[in-house]
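**Student:** turn this into a model:
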Amino acid sequence: MMAHTPRMEPTLAHVLWPASGGFAAWPRTVVLMLAGTLVLAISAKVQVPFWPVPITMQSLAVLVIGMSFGFRLGVATLALYLVEGAVGLPVFASGAGLAYLAGPTSGYLFGFVAAAAAAGWLAERGWDRNIWLSMVAMTLGTLILMGCGVAWLATLIGFEQALASGFTPFIAGGVLKIVLGALMLPSVWKLVERR
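**Tutor:** Numbers count the residues shown, from 1 in each chain. Now for the predicted structure:
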């Protein structure tokens, strides 16, 4: 009896800019990774007034990159983003360097990679083409990201305080970003398929 292997679907990045085989694929990969880290850096700096706390669009950018790029390219892009910040490039919301990566937001930053991995893996199985599946994938990615962030923060300030300051104030903004992402990705797919 043969095991069933889920069919891999092409990601948005692959459909919009198909990869050529062999050595010629690396310039496309480098350009996409650099474009992704630029989007992440910009999304970290832009704050949107929201209740109860202002929000950045960074977690939305993380999930959209993961789902648009797929598992491998999404993870590589987020890892490059962390390396850029570690060497001192001003890509994080505030601050840079290795010390910043060990600070209170460290769990969230490393959670970006895990969230992009999960979202990318689900996108490769077609979850980015349907609003409801996109919403589930974005919710799962958000929970992974927030779970990593709260877990690290709890080692510094305790679990209850980490929940109170590192999770609860961001629930409303997180829900808004999940809905935006879940509406955006299937809409882009519809435009691509019409073309």
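
**Student:** alpha carbons only for contacts and neighbour counts from here, please
**Tutor:** Will do.

**Student:** burial check on L176, number of neighbours?
**Tutor:** The number of residues packed near L176 is 12, by other CA atoms under 10 Å.

**Student:** which strand or helix spans it?
**Tutor:** helix 171-194 (DSSP states H and E).

**Student:** show me what that helix is packed up against.
**Tutor:** Contacts defined by 3 or more CA pairs under 8 Å, 6 or more residues apart in numbering; DSSP states H and E place helix 171-194 against helix 58-69, helix 131-157.

**Student:** looking at those helices, which is nearest to L32?
**Tutor:** L32 lies closest to helix 58-69 among these, at 8.4 Å (CA to CA).

**Student:** sketch out the low-pLDDT regions of this structure for me.
**Tutor:** Scanning the chain for pLDDT under 70 picks out the ranges 1-6, 21-24, 51-54.

**Student:** centroid residue for it?
**Tutor:** V62 (1.9 Å; CA atoms, centre = their mean).

**Student:** Q161 and A154 touch, don't they?
**Tutor:** Yes - the criterion here is CA atoms under 8 Å, and Q161 meets it with A154 at 7.3 Å.

**Student:** which of those two has more neighbours?
**Tutor:** A154 (18 against 14).
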